[in-house]
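[1] need a structure here:
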Amino acid sequence: MLSLLLIEYNSITKRFLSGNIENSIFVNQQNAMAKKEKKQLKKRLLHKYRMVILNEDTFEERVSLKLTRLNVFILVTLTSLLLIAGTTVLIAFTPLKEYIPGYSSTSLKLKATELTYKTDSLETALAINNQYYESIKKVLSGDVKSTDIDKDSILEAARISIDSINLSPSEEDLKLREKVALEDKYNVFEETNPSNLNVTLFPPVNGSISEGYNFKEKHYAVDVVVAKDAPIKAAADGTVIFAEWTAETGYVIIIEHGNSLITVYKHNSALQKEQGSLVSTGEVIATAGSTGEYTTGPHLHFEIWSNGYPLNPSDLIDFE
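    Presented below is the predicted three-dimensional model:
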């Protein structure tokens, strides 16, 4: 029994050893084939060729070059990289990119930048004008907030001893008083002299003046009697900066003529222009009426302002 087992063990061992030997032989064969293929690849890459350029008629050799597959591959690769790099540089740093579809031109970008700056400036100017017009609108409509006064602070100030207050003027106060005294010697409206205006004003209506300009009574206008629904015309070219209804003076329209010159038309029965409209000299802007709480009958209340100061319309326009 033991002898049979030994025989079986020997046969198994022989088969195992023979299998390992076969595997090792196969692996060696694979390695040898791989090395052979590498050698063949290297040989193919380094195999030399000759490129010859001949004269077709005389078969004279003009150019002769020795090449290998590896040299050709390297040359083609380097040439491709140089072409890609050169094309990139031309597109990125030269005006040639403007001719490629999809790229915007330099002049177009410059114009877009300029328009952006101009738009920003216009938005700023528009915001300032809107604030200015809103202020005028509040003044004309009487929507002006009164200043709140703290009664307690006034009473507290009254209790302060007069002896404790230093009433002697400071040096800065003395200089300010001298400056004000010098300015008071001259007419406060001197710079708004009608002779300084560089614009010719057209009479908005023709009629008799029922009440003239009176600075002391704060009547900064002339009231011209006209028939109801008579056309009111623009005194000069300009832009309508206000055109709305007010409780005190009815339909009011204000025109800015440039150079800080403004004309005001009040007590109209209807308005023909809107805020922001451009008007020409003599163009109808409203119709005369008797609207508002302060009206005394069909007439036109006409004011002229220059640099924030009122002017006497009768000095500039002949209404009759």
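[2] can you give me the helices in this protein?
    Remark: helices of the chain, listed N- to C-terminal, are 2-46, 69-93, 106-141, 151-158, 171-184; assignment by DSSP state H.
[3] Looking at the first one now, give me its mean pLDDT.
    Predicted confidence along helix 2-46 averages 65 (mean pLDDT).
[4] and what of stretch 101-111?
    73.
[5] What's the end-to-end length of that stretch?
    In terms of C-alpha to C-alpha, to the nearest Å, the two terminal residues of stretch 101-111 are separated by 19 Å.
[6] now do stretch 246-265
    Counting by C-alpha to C-alpha, the length from the leading to the trailing residue of stretch 246-265 is 12 Å.
[7] Would you map the strands across the stretch 151-300 of the chain?
    Residue ranges of the strands in the stretch 151-300 of the chain, as given by DSSP state E, counting those that start in this stretch, are 208-211, 222-225, 231-233, 238-246, 250-256, 261-271, 278-279, 284-288, 299-306.
[8] shouldn't residue 212 be in contact with residue 224?
    No: using C-beta atoms under 8 Å as the test, residue 212 is too far from residue 224 to be in contact (10.1 Å). Glycine gets a C-beta too; all of them are placed from N, C-alpha and C.
[9] Low-confidence bits of the stretch 151-300 of the chain, can you list those?
    Within the stretch 151-300 of the chain, the stretches falling below the threshold (pLDDT under 70) are 151-170, 180-197.
[10] Can you pick out the residue with more neighbours from residue 212 and residue 224?
    Higher neighbour count among residue 212 and residue 224: residue 224, with 25 against 12, using other C-beta atoms under 10 Å.
[11] Can you tell me who that one pairs with across the strands?
    Residues found in beta-bridge contact with residue 224 (criterion: DSSP bridges) are residue 209, residue 300.
[12] Test my guess that it contacts residue 213.
    No: the pair formed by residue 224 and residue 213 falls short of the contact definition of C-beta under 8 Å, at 11.7 Å.
[13] just to revisit the earlier point, format the strands of the stretch 151-300 of the chain as TSV; extra columns: distance to residue 134.
    Rendered in TSV, the data for the strands of the stretch 151-300 of the chain read as follows (distance: least, C-beta to C-beta, whole Å):
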stretch	distance to residue 134
strand 208-211	30
strand 222-225	27
strand 231-233	24
strand 238-246	10
strand 250-256	13
strand 261-271	15
strand 278-279	21
strand 284-288	21
strand 299-306	17
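[14] Out of the ones you listed, which gets nearest to residue 77?
    Of all the strands of the stretch 151-300 of the chain, it is strand 278-279 that lies closest to residue 77, at 69.3 Å by C-beta to C-beta.
[15] mind listing what the closest one pairs with, with the direction of each?
    Neighbouring strands of strand 278-279 in its sheet, by DSSP bridges, are strand 238-246 (antiparallel).
[16] mind listing what's buried in the strand it pairs with?
    Buried residues in strand 238-246, defined by neighbour count with 16 or more other C-beta atoms under 10 Å: 238-243, 246.
[17] Show me the contact partners of it.
    By C-beta atoms under 8 Å, 6 or more residues apart in numbering, the list of residues contacting strand 238-246 from outside reads 129, 133, 136-137, 140-142, 251-258, 262-263, 271, 273-279, 285, 291-292.
[18] If burial is judged by neighbour count, which of those pass?
    133, 136-137, 140-141, 251-257, 262-263, 271, 273, 277, 279, 285, 291-292.
[19] Report the contact partners of residue 288.
    The neighbours of residue 288, taking C-beta under 8 Å, 6+ apart as the test, are 205, 226-232, 267-269, 298-300.
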